[in-house]
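1. Fold the stuff below for me.
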Amino acid sequence: MDLSFYFKYYLLYLENKFMGYPIVIRLTVLIVMALICIYLFSLVRFVWINRRIRKKEKIKERLINRLDGRIHSILSNSDNLSEKHIQEKLSDVFSIIKSKRKDLITDLLIDISDELKKGNAHWNEENYKTLIYSLEIPMFWESELMSNSSNRRHEALRKLDDLGKGFTSSILMRSTNHKNKELRKQARAAVLKYDNIDPYKFLDDSFDQDFNALDEILIHRFLAEKSNNGRLPVLSRWVINAKNVNFKAFMIREIGKFKQTECSTFLVSLLQDELPPILKSAIIYSLGELNCFEQEERFIQMYPIANSEVQKSIIDALVNFNTQTGLDFLTKQFFKSTDNEQKVHLAYSIKKFGEQGRISLENLSARSNDFERKIFDQVKYQLS
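-> Next up is the predicted model:
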């Protein structure tokens, strides 16, 4: 008899033995075996990942030892060095670093550049550009942007953004309609920042159908940079074209933040009773930021029938107007309000009216209950 006979015999024996146990025991054994397999797989994966990380750290450490000082001298040099000069400085390792571990070289360049900038040391941007193009760093990450892996594209977008160089619109556009929304938004944000031909193209489409608070931060930074350079267009264009309500409200608020007074008449025309509260609130906020004093009486009339979100915007607008009429109105509303959170907001707002606000708070405090007095004490302490 050969071994296969004994193997089949004992296999059938164990199978029959196992099937003879109650169902609960059989299920327990199967679950335990599955957990053991998961544990072993996790252990092997952990060891593999750990070895990979340690190997990467050792390579990076060797690169730092060999290149850190030389890259520092290149980037901090006050003279603009040619590509040939840079290659001579890195001659013994140039061929190696040009062909291998571009990701680690990228991290090293970014770290050294950040260190020089934060330390207020001289940082030569021309040498930085020459160095990264000599090592073909942007080209490497652009090729990663062509990958079918969304994770690799994510990393490539982050690295190119950190480098501050290397983006081309044609390569970015491949990711701007990706089904992965994080990658899609990241690519669209990069288009806003780096496209010199038509950076506003995605604002015409409300940036993204899933517009959220993080997108607001990205777009605000972009608009702030344009404003600092004196090239910010009139934002009402995107308010008119916006299909996404959240994006529309955001752009309306940006009009106020960037003090685009030429849009005030347009915003007043938008303020209708049938508008959603989020848009009403945004319009009132911006009209307050633009100091449209003539709207004060209208806001006061709207206050009693508005929801809490709109009421908060009206309160903030009245604070910006800083009139006695507004102060008197807010003072009356303090005792009328049944919402404790709204009372706190009203108290802080009244205090912002300066000396008249301080007097009004003291008068209110004298007629308040214990809880309301605690609000006033908190306001006086935090704003003192």
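2. going forward, measure contacts between C-alpha atoms and count neighbours the same way
-> Fine.
3. first to last residue in stretch 90-103, what's the distance?
-> In stretch 90-103, first residue to last residue: 18 Å (Cα to Cα, to the nearest Å).
4. Could I get the average pLDDT for that stretch?
-> Averaging pLDDT along stretch 90-103 gives 69.
5. What does Asn177 show for phi and psi?
-> For Asn177, the backbone dihedrals (degrees, to the nearest 10) come out as phi -120, psi 20.
6. That one touches Arg184, doesn't it?
-> Yes - taking Cα atoms under 8 Å as the definition, Asn177 is a contact partner of Arg184 at 5.7 Å.
7. Give me the more crowded residue out of the two.
-> Between Asn177 and Arg184, counted using other Cα atoms under 10 Å, the more crowded position is Arg184 (21 against 15).
8. residues contacting that one?
-> For Arg184, the contacting residues are 175-178, by Cα atoms under 8 Å, 6 or more residues apart in numbering.
9. Quick check: it vs Asn196, distance?
-> 19 Å.
10. Same question for Arg237.
-> Distance of Arg237 to Asn196, given as Cα to Cα: 19 Å.
11. Tell me the predicted confidence for the nearest residue to His154 once chain neighbours are set aside.
-> Ranked by Cα to Cα, 6 or more residues apart in numbering and with sequence neighbours excluded, the top spatial neighbour of His154 is Leu183, at 5.9 Å. Per-residue confidence (pLDDT) for Leu183: 82.
12. Leu183 - how many residues pack around it?
-> For Leu183, the neighbour count with other Cα under 10 Å is 20.
13. Would you list the phi and psi of it?
-> Torsion angles, degrees, to the nearest 10, at Leu183: phi -60, psi -40.
14. Tell me who's in contact with it.
-> Leu183 touches 150, 153-154, 175-176, counting by Cα under 8 Å, 6+ apart.
15. Follow the chain on from the longest helix seen in the chain and name the next helix or strand.
-> Of all segments of type helix in the chain, defined using DSSP state H, the longest is helix 23-76. Scanning forward in sequence from helix 23-76 by DSSP states H and E, the next helix or strand is helix 83-89.
16. what does that following helix rub up against?
-> By Cα under 8 Å, 6+ apart, helix 83-89 touches 70, 74, 94, 130-131, 134.
17. what comes up buried for that helix?
-> 83, 86-87, 89 (16 or more other Cα atoms under 10 Å).
18. again, but for stretch 59-78
-> Residues 60, 63-64, 67-68, 71-72, 74-76 are the ones in stretch 59-78 that count as buried (16+ other Cα under 10 Å).
19. Any stretches of this protein with poor pLDDT?
-> Low-confidence segments of the chain, defined by pLDDT under 70, span residues 1-2, 92-100, 165-170, 380-384.
20. Kindly recompute the last result at 80.
-> Scanning the chain for pLDDT under 80 picks out 1-21, 59-60, 63-64, 66-67, 89-101, 119-121, 164-178, 194-198, 273, 365-384.
21. all strands for it, in order.
-> According to DSSP state E, the chain carries no segments that qualify as strands.
22. tell me, what residue is most central in it?
-> The chain has Leu214 as the residue nearest its centroid, 4.2 Å off, counting by Cα atoms, centre = their mean.
23. any idea how far Asp107 is from Asn50?
-> Distance of Asp107 to Asn50, given as Cα to Cα: 20 Å.
24. more neighbours, these two?
-> Using other Cα under 10 Å, the more surrounded residue of Asp107 and Asn50 is Asp107, with 15 against 12.
25. What separation do you get for the more buried one and His178?
-> 26 Å.
26. if we can go back for a sec, and of the contacts of helix 83-89, the nearest to Ala242?
-> Comparing the contacts of helix 83-89 against Ala242 with Cα to Cα places Thr130 closest, at 41.7 Å.
27. Am I right that that closest one is in contact with Asn80?
-> No - using Cα under 8 Å, Thr130 is not in contact with Asn80, being 9.1 Å away.
28. What lies in contact with stretch 211-224?
-> Against stretch 211-224 from outside (Cα under 8 Å, 6+ apart): 185, 189, 192-193, 232, 244, 246-247, 250, 254.
29. let's see it at 10 Å
-> Contact with stretch 211-224 is made by 185-186, 189-190, 192-194, 199, 203, 207-208, 225-227, 229-233, 235, 244-247, 250-251, 254, 257-258, as judged by Cα atoms under 10 Å, 6 or more residues apart in numbering.
30. With stretch 137-155 instead?
-> Stretch 137-155 has contacts (Cα under 10 Å, 6+ apart) with 98-99, 102-103, 105-106, 109, 129, 131-133, 156-161, 163-168, 171-172, 174-175, 178-180, 182-184, 186-187.
31. Of those residues, keep whichever come out buried.
-> 102, 105-106, 109, 129, 131-132, 156-160, 163, 165-167, 172, 175, 183-184, 186-187.
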